[in-house]
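Chemist: Sharing a model that was predicted from the sequence below.
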Amino acid sequence: MAMADASDSSRILAEARSSLQHQRAGGRRVPVRSIGKRSAELKRLHLARKAARMAFAVMAILFAALVAGLVIDGIGFTGLVVTFAALVAAVGVLAAFPRLKVPELAALNRGDARSMVARTELWLEAQRPALPAPAVNLIDQIGVQLDGLGLQLEGVDPAEPAVSEVRKLVGEHLPGMVESYRRIPPNLRRETRDGRTADQQLADGLGKISAEIDAVTRQLAAGDLDALAVRGRFLDYKYGPGLDGGVEQAPGLAAPQLQAPKAQG
């Protein structure tokens, strides 16, 4: 009996250690809140459509039961049970499906500014469980910044060259950086390469993106589009050492890639 208790205690301690390590790594929990207002708006719209479909299904089932009762002069107890079961099944299925789809990476930088920001926020939320804790905090911060940037973009002519580069920063470079990290095997993410781990590279890169979004938002708010286009900070933007080995991203190319640390030994 004592041996069994000792075995249970060891198992519980092992599970606790595993859970602690898991949470330090960012956890796998589905986020219960949105990182920004735009993604929350998409979720509300999705729920509203679900509610409308459920209401329509309930009315259709009740109407069918009423018609059946009139035709056969009452549906009886069995009919009531069938009607209730149909209502429960319809509501249950329509409450669970369809699920809100995570946007495809290639589709983020499409549509107007509001749609682009909303899709990017929703996509980033879906990636949060796979990211280390420091990066998760930065993603939350970026979500708030994207709301402000989206408001500024709505008031600017989409044909402006500067707007196109801002959209690349938000809809391509930012998610591209996160996707590069996710492609690195989990067992290599904490190995050091050139003095930094992939976790640190990601956090540093997101910090630079956050600072850039803040600077862009302020400049758009000031209406200084000429300076925004002239300085060319988006085509020539450096994501810092550790991202593509510190090599500057060339104009028009894909988002920078995080380098996987080399396995030791």
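Modeler: Received the coordinates, thanks.

Chemist: Contact partners for residue 178?
Modeler: The neighbours of residue 178, taking CB atoms under 8 Å, 6 or more residues apart in numbering as the test, are 124, 127, 131, 135, 139, 202, 206. (Each C-beta comes from the backbone N, C-alpha and C, glycine too.)

Chemist: hang on, the second one packs against residue 182?
Modeler: Yes. In this structure, residue 127 is within contact of residue 182 by CB atoms under 8 Å, at 6.6 Å.

Chemist: Show me which of the two is the more surrounded one.
Modeler: The residue with more neighbours, out of residue 127 and residue 182, is residue 127; 18 against 13, by other CB atoms under 10 Å.

Chemist: Would you mind giving the secondary structure of the more buried one?
Modeler: helix (DSSP: H, G, I helix; E, B strand; the rest coil).

Chemist: wait, what's in contact with it?
Modeler: So residue 127 contacts 139, 178-179, 182 (CB under 8 Å, 6+ apart).

Chemist: Mind checking which of those land in strands?
Modeler: Among those, DSSP state E puts none in strands.

Chemist: need those residues in a markdown table with distance to residue 39 and pLDDT, can you?
Modeler: Shown next, in a markdown table, are those (distance: CB to CB, whole Å; pLDDT from 0 to 100):
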| residue | distance to residue 39 | pLDDT |
| --- | --- | --- |
| 139 | 11 | 96 |
| 178 | 15 | 95 |
| 179 | 18 | 95 |
| 182 | 19 | 94 |
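
Chemist: Can you tell me which of those residues is closest to residue 65?
Modeler: Comparing the contacts of residue 127 against residue 65 with CB to CB places residue 139 closest, at 48.7 Å.

Chemist: Just give me the neighbour total for the closest one.
Modeler: For residue 139, using other CB under 10 Å, the count is 21.

Chemist: Helices of the protein, start to end?
Modeler: All helices of the chain, identified by DSSP state H, fall at 2-24, 37-71, 76-96, 113-127, 133-154, 161-168, 174-182, 198-221, 225-231.

Chemist: what about the shortest one, average pLDDT?
Modeler: Here helix 225-231 scores 63 as its mean pLDDT.

Chemist: and what of the third one?
Modeler: Averaged across helix 76-96, the pLDDT comes to 94.

Chemist: and that helix, what does it pack onto?
Modeler: Judged by 3 or more CB pairs under 8 Å, 6 or more residues apart in numbering; DSSP states H and E, helix 76-96 is in contact with helix 37-71.

Chemist: relative to helix 113-127, how tilted is the helix it packs on?
Modeler: Between helix 37-71 and helix 113-127, the angle comes out at 90 degrees (axes from the mean of the first three to the mean of the last three CA atoms, to 10 degrees).
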